[in-house]
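*Asks:* sequence and predicted model, in that order:
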Amino acid sequence: MSITGLYVSRLDALPKIFTELQRLNYTVVGYKVVNNVLRLDRLNTFEEVATGVEDVQNPGRYYLIPGNFHRHGPDSPKNFLYPPRLPLFEVSPEWGVVVKDYSKDLRLAFFGIKSCDLTSIKVLDRVVSDVDETYVSIRGNSVIVVENCTQPGNTCFCNTMGAGPRARDSFDIAYTRLGSKLVVEAGSDLGLKIINRLAVEPIDDSTYSEFESVMTKAALKARANFETENLPELLELRLESNAYKEVVKRCLGCANCNLVCPTCFCFDVLDVLRIDGSAERVRVWDGCLNYTYAQVAGGHFRPDLWARYRHFILHKFTYWIKQFGTFGCVGCGRCITWCPAGIDIRDSLLRVLKGGVI
Amino acid sequence: MSKLKVAVFKFSSCDGCQLQFLNLEEELLQLTEVVDFALFYEARSSVEPGPYDISFVEGSISTPHEVELINNVRRESKIVVAIGACATSGGIQALRNWANLDEFKSYVYPRPEWIEVLKNAEPPSKFIKVDYEIRGCPVSKEQLLSFILQYMRGKIPTLPVSPLCIECKVAGNVCVLVVSGTPCLGPITMGGCGAICPSYGRGCYGCYGPAVDPQAPAMNRLFKELDLKPKDIQLLFKQFVNWAKGFKEVVEEYE
């Protein structure tokens, strides 16, 4: 929730927020351009923040063009809060166990992530907070500076999922770029403290109506062709839909959708043995599209690919509601863009809802 | 603890997989403290007779004589572990399975009638029971070591079983298919190498063979949509594991 309401400053307030975060001993994490792709990474200076580029995202395709607004790349805050490969503990040759503390002294400030990614953090909060000490520790020491998304892309449907394009709560600072102006609001005491150090004024009528109109337009752009009302129930009623079998004719079963999804949290645990008698236990990302994921001693829950794809959809849109009281999908569109085969989850849902035809 | 008695056998192959034992270098010295390489022609001239606890088998079976030998290996070994693309799928020797054998023989040998070969180069599993497979062209030395360490400690050895894409993302790579349309076999290929090729911006060549449930028809379909020439698509599948299930069917489509 905003605790200040909207204020106006100038664009040059952004680098000030950045350095203020560093002054408060935060490691700033934001989007920078690496090999023509936006990567979420640690940033040393404000100059490293991606600028002058726009990401073009379509099913199975991603590239950058010159522009003034960027959304995201394959990484999400999950990469930092729930790392792809997390060492859990080390066993010495004498069987002594040393628990590793990956999160020690980690103070992260997410800078310029969009509302979809903020919502993904809120979703992860509900899912893993009770069970993952590493997550709790990193999350507890993190700050979120979110940018309201004025230009959703082709694969975005955050508004349908109630995840954007405007951030409503759970941030420290939310900002919106409007030409040379910067609209800011604080969502926490820390955010307020930082904003107090900027030159800001209460928002004037004309800037406010510009803000409203930009955000309304953005919201319309971030909509899918389905509604979420009764969606969990409708999907459950169509459990036997033939649409899943149709869609997976294109599916490679590679689990890229799981890996780029900012809320997919499934993992595998591996033991790495060393010749000196020591060993390490690590947690690595896994996903339900992977054949071996649902393979257990004595059998397999979902040997058919269509059943695995159906599980992915049903978990995000039906089971998640029952388990955690929220959708598992934030409409960021990463699973659409980063599916090598370009399978569009919006189309898949429509097919299921409309009985296999669209 | 008594030493593990290990044999390393070679059939039709290039020796690159067994060489990975020697590439362990520093760890190899430590390994020889717990493992007795009783038969390992590439490393030592003295040979101890079987039976062996583990026989690592490199290469495909391509002659009647090799059929005899691989049966002997099975009889002398507690467990047989096929290592590398040749021993798990027929490897590049299997490329000749797609060609006219007599023609090949007459090109290469002055007396082709002396050459006794099987109709097809096949993995050892076609002739004997193989207990474990270690994939790759060549296999990774870390996996060889990991296999032995797990076995020695009484654990059922497990190796990576996920598609390469998972390792590739964990390694922090960006998908080459999505950003540059580079043909990549990663989605249907078994992980284990740590996504070496995509880490350098190249597509995966599939040398670790098919994933557990490879969606080769969908991969083939995607390459067609990327406007690759039929011949080029065939060559992608007709590499290290051309004779493996899934890959073989796509190669056939373009024969």
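*Replies:* Okay, I see it. Numbers count the residues shown, from 1 in each chain, chains lettered A, B, ... in the order given.

*Asks:* gap between the two ends of stretch B:197-205?
*Replies:* 8 Å (CA to CA, to the nearest Å).

*Asks:* repeat for stretch B:94-105
*Replies:* End residues of stretch B:94-105 are separated by 15 Å (CA to CA).

*Asks:* just stretch B:239-251 next, same as before
*Replies:* First-to-last distance for stretch B:239-251 - CA to CA - comes to 10 Å.

*Asks:* in that stretch, what counts as buried?
*Replies:* B:Gln239, B:Phe240, B:Val241, B:Asn242, B:Trp243, B:Ala244, B:Gly246, B:Phe247, B:Lys248, B:Val250, B:Val251 (16 or more other CB atoms under 10 Å in any protein chain shown). Where you see a C-beta, it was placed from the backbone N, CA and C, and this is true even at glycine.

*Asks:* now the two most distant members of the residues you listed.
*Replies:* Pairwise distances among the buried residues of stretch B:239-251 were taken by CB to CB; the largest, 14.1 Å, belongs to B:Phe240 and B:Val250.

*Asks:* ok, back up a step: quick check, nearest of the buried residues of stretch B:239-251 to chain A?
*Replies:* Proximity of these to chain A was ranked by CB to the nearest CB; the top entry is B:Gly246 with 11.3 Å.

*Asks:* quick one: contacts for the closest one?
*Replies:* For B:Gly246, the contact set (CB atoms under 8 Å, 6 or more residues apart in numbering or on different chains) comprises B:Ile188, B:Pro210, B:Pro214, B:Ala216.

*Asks:* same deal with A:Ser129?
*Replies:* Going by CB under 8 Å, 6+ apart, A:Ser129 touches A:Tyr135, A:Val136, A:Arg139.

*Asks:* related to what we said a few turns ago, which one of the contacts of B:Gly246 is nearest chain A?
*Replies:* Ranked by distance to chain A (CB to the nearest CB), the contacts of B:Gly246 are led by B:Ile188 at 6.4 Å.

*Asks:* for burial, what's the neighbour tally of the closest one?
*Replies:* Residues within reach of B:Ile188, counting by other CB atoms under 10 Å in any protein chain shown, total 29.

*Asks:* next one, pLDDT for it please.
*Replies:* B:Ile188 carries a pLDDT value of 98.

*Asks:* ok, now B:Pro230?
*Replies:* Reported pLDDT for B:Pro230: 97.

*Asks:* enumerate every residue touching it.
*Replies:* Counting by CB under 8 Å, 6+ apart, B:Pro230 has contacts B:Tyr254.

*Asks:* gap between it and chain A?
*Replies:* Counting by CB to the nearest CB, to the nearest Å, the separation of B:Pro230 from chain A is 19 Å.

*Asks:* who in the stretch 51-200 of chain B is up against chain A?
*Replies:* B:145-146, B:149-150, B:153, B:161-163, B:165-166, B:169-170, B:172, B:174-175, B:177-179, B:184, B:186-188 (CB under 8 Å from any CB of the partner chain).

*Asks:* which ones among those lie within helices?
*Replies:* Secondary structure from DSSP state H places B:Leu145, B:Ser146, B:Leu149, B:Gln150, B:Cys165, B:Ile166, B:Lys169, B:Val170, B:Leu177, B:Val178, B:Val179 of those in helices.

*Asks:* what's around the fifth one, how many residues?
*Replies:* What that stands for is B:Cys165. 34.

*Asks:* if I look at it, what pLDDT would I see?
*Replies:* Per the predicted model, pLDDT is 98 at B:Cys165.

*Asks:* please name the nearest non-neighbouring residue to it.
*Replies:* A:Cys254 (4.0 Å; CB to CB, 6 or more residues apart in numbering or on different chains).

*Asks:* for that neighbour, what are its contacts?
*Replies:* A:Leu289, A:Pro340, B:Pro163, B:Cys165, B:Ile166, B:Gly186, B:Pro187, B:Ile188.

*Asks:* from B:Tyr107, how far out is A:Gly60?
*Replies:* Distance, A:Gly60 to B:Tyr107, using CB to CB, to the nearest Å: 44 Å.

*Asks:* tell me which of those two has more neighbours.
*Replies:* Shown here are A:Gly60 and B:Tyr107; by other CB under 10 Å, A:Gly60 has more neighbours (24 against 8).

*Asks:* just give me the neighbour total for the nearest residue to that one once chain neighbours are set aside.
*Replies:* Of all residues not flanking A:Gly60 in the chain, A:Gly342 sits nearest, at 2.9 Å (CB to CB, 6+ apart). A:Gly342: 19 surrounding residues under other CB under 10 Å.
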